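Engineer: dropping a prediction and its sequence here:
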Amino acid sequence: MSTVQCDLCPKACRLSEGESGDCRIRYNMGGKLVALTYGRPAAIQVDPVEKKPLFHFLPGSKVFSLATAGCNLHCKNCQNAGLSQANPLERKAYSASPETIVASATKKGCAGIALTYSDPVVFYEYALDIAKRAREKRLKVVWVTAGYINPAPLARALPLIDAANLDIKSMSDSFYRSICNATLAPVLATAEAMLRAGVWLEITNLVIPSLNDTDKDVKNLATFMVTHLSRDVPLHFSRFFPHYQLRNIPPTPPETLIRAREIAQAQGVRHVYIGNMRHLPGTENTLCPACGITLIERYGYHIISNRLQRGACPGCHRALPGVWS
Amino acid sequence: MEFKYPHTTFLNTLALAYVIGFLLLVVIRPGQEKTTPGAPKNRDSEAAAATPRTARPENATDKGIHAGILSDHEALFYRRIQPVSRKSAP
């Protein structure tokens, strides 16, 4: 019997023959670890880049978004549990090589390819091969991830990532352990590594009532961003809706999100947005951090107006951090 | 039989054609891809993705969309170790 240890993520699953890892999709086949969902995307869709959400990365563009089944986290609030927690044998999927994905993205006029919905970490090999082909066709590569990955595989992937939205679910390790079946430290390390590598990074925090919505929770996150990342890294607070195993918790009250935004701004985060919430005017707009005028006006995933001129404010000419072309 | 108001029939037909045209061109939009199918309200929700009406990849129809086919593509970042029980928690 050949036992293998998967070194992709911090869970370090040790698998006897015939066993799959905690993510369900990395499987010991006769002493060889195989990626069961390579070339088998189960969700494909052309999305606005704002849906990822990325607000400082090619605003108004489309990204060819895909995912396979499986995830190395098991968040009780997962909005895509039908995909992320699915048995890959049971979840319907396409057969699509990396070349096919890139050709489709090009044909549909997408600016890039987003590896998203579940987590590119678990379909790592497929994600890397897609990214290599995408680069050849001058398509951007976006990761939407929980960032639960070991340093070595992350380092190998970073040169192939243009932008990432990283989910920091909480600054509490106990939250990660009890809600997500993971730990906090590797996620924070991923955020720092991405920024160091020059990946355009934006952070999302889903605010869940009673679990991670205190002033202290928000302050800890904003402090980490200011001290370990950058004031210019955009922060997205997302409204929680009852999903999967957390259907007993009500949606996040708007005032909680507004307060979180105010706290993060007071800590020094320059661009703080509120999402999944259509009735809070102005909270999705990008303002010039110098003169305060509205540079990009949004409604949901739509760009209402974009006043940026070559990535800078037309009023005071200050450059706005981001990728604009 | 005397047909007194032929214009009403004509108008009814015109109205019906308008309704059918509206449904076809505006609501159903045959051949058009819906970039946000089902208008999922949540960020990065995969709701309504993975259906054949959405952005199906080119040349992906050879096997269609169905379950039960898995890859044996060799993974990166693993090693053989002495047999031990599976670690299941972080």
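Structural biologist: It's in.
Engineer: what is the burial count for the nearest residue to A:D232 once chain neighbours are set aside?
Structural biologist: Beyond its immediate neighbours in the sequence, the residue positioned closest to A:D232 (CB to CB, 6 or more residues apart in numbering or on different chains) is A:P321, lying 4.0 Å away. Just so you know, the C-beta spots here come from the backbone N, C-alpha and C atoms, and that holds for glycine as well. As a burial measure, A:P321 scores 17 neighbours (other CB atoms under 10 Å in any protein chain shown).
Engineer: what's the first helix or strand after whichever strand or helix holds A:E99?
Structural biologist: Taking DSSP states H and E as the definition, A:E99 sits inside helix A:98-107. Scanning forward in sequence from helix A:98-107, with DSSP H and E defining helices and strands, the next element found is strand A:112-115.
Engineer: could I get the average pLDDT for that next one?
Structural biologist: For strand A:112-115, the per-residue pLDDT values average out at 98.
Engineer: using PDB, list the CA coordinates for that strand.
Structural biologist: Provided in PDB are the C-alpha atoms of strand A:112-115 (Å, rounded to 0.1, in the frame of the first residue of the first chain):
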ATOM      1  CA  GLY A 112      -9.400  37.600 -18.400                       C
ATOM      2  CA  ILE A 113     -10.200  34.400 -16.700                       C
ATOM      3  CA  ALA A 114     -11.400  34.200 -13.100                       C
ATOM      4  CA  LEU A 115     -10.800  31.000 -11.100                       C
END
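Engineer: residues from the stretch 151-300 of chain A in reach of chain B?
Structural biologist: Proximity of the stretch 151-300 of chain A to chain B, by CB under 8 Å from any CB of the partner chain, involves residues A:152-153, A:156, A:165, A:177, A:181-183, A:204, A:236, A:238, A:241, A:275-276, A:278.
Engineer: let's see it at 6 Å
Structural biologist: Where the stretch 151-300 of chain A comes near chain B, counting by CB under 6 Å from any CB of the partner chain, the residues are A:153, A:182-183, A:238, A:275-276.
Engineer: just the buried ones out of these, please.
Structural biologist: By neighbour count, with 16 or more other CB atoms under 10 Å in any protein chain shown, those hold A:153, A:182, A:238, A:275-276 as buried.
Engineer: secondary structure and pLDDT added to these, as a markdown table?
Structural biologist: Output for those, formatted as a markdown table (DSSP: H, G, I helix; E, B strand; the rest coil; pLDDT from 0 to 100):
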| residue | secondary structure | pLDDT |
| --- | --- | --- |
| A:P153 | helix | 98 |
| A:A182 | coil | 98 |
| A:S238 | strand | 96 |
| A:G275 | strand | 93 |
| A:N276 | coil | 91 |
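Engineer: now do the strands in the stretch 201-325 of chain A.
Structural biologist: Shown for the stretch 201-325 of chain A, the strands assigned by DSSP state E, counting those that start in this stretch span residues A:235-239, A:272-275, A:286-287, A:294-299, A:302-306.
Engineer: could I get those as CSV with distance to A:I113?
Structural biologist: Below are the strands of the stretch 201-325 of chain A laid out as CSV (distance: least, CB to CB, whole Å):
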stretch, distance to A:I113
strand A:235-239, 21
strand A:272-275, 22
strand A:286-287, 24
strand A:294-299, 22
strand A:302-306, 20
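Engineer: can you list the strands that the strand or helix carrying A:F64 pairs with?
Structural biologist: In this structure, A:F64 sits in strand A:62-67 according to DSSP H and E. In the sheet containing strand A:62-67, its partner strands are strand A:43-48 (antiparallel), strand A:112-115 (parallel), by DSSP bridges.
Engineer: is A:W324 in contact with A:A312, as I believe?
Structural biologist: No: between A:W324 and A:A312 no contact is recorded; they are 9.1 Å apart, counting by CB atoms under 6 Å.
Engineer: quick one on the thing from earlier: looking at the strands paired with strand A:62-67, which is buried most?
Structural biologist: strand A:112-115 (a mean of 28; mean count of other CB atoms under 10 Å in any protein chain shown).
Engineer: show the subsequent helix or strand relative to that strand.
Structural biologist: Reading on from strand A:112-115 to the C-terminus, the next helix or strand found by DSSP H and E is helix A:124-136.
Engineer: which among the strands of the stretch 201-325 of chain A is found nearest to A:N212?
Structural biologist: Shortest separation from A:N212 across the strands of the stretch 201-325 of chain A is recorded for strand A:235-239, at 10.6 Å, computed as CB to CB.
Engineer: what residue ranges in chain A score low on pLDDT?
Structural biologist: A:1 (pLDDT under 70).
Engineer: is it true that A:I101 touches A:I130?
Structural biologist: Yes: in terms of CB under 6 Å, A:I101 counts as a neighbour of A:I130; the distance is 5.3 Å.
Engineer: report pLDDT for B:P52.
Structural biologist: For B:P52, the predicted pLDDT is 33.
Engineer: please name the spatially closest residue to A:L257 (chain neighbours excluded).
Structural biologist: That would be A:I274: by CB to CB, 6+ apart, it lies 4.8 Å from A:L257.
Engineer: for chain B, longest strand please?
Structural biologist: With residue count as the measure and DSSP state E as the assignment, chain B has strand B:78-81 as its longest strand.
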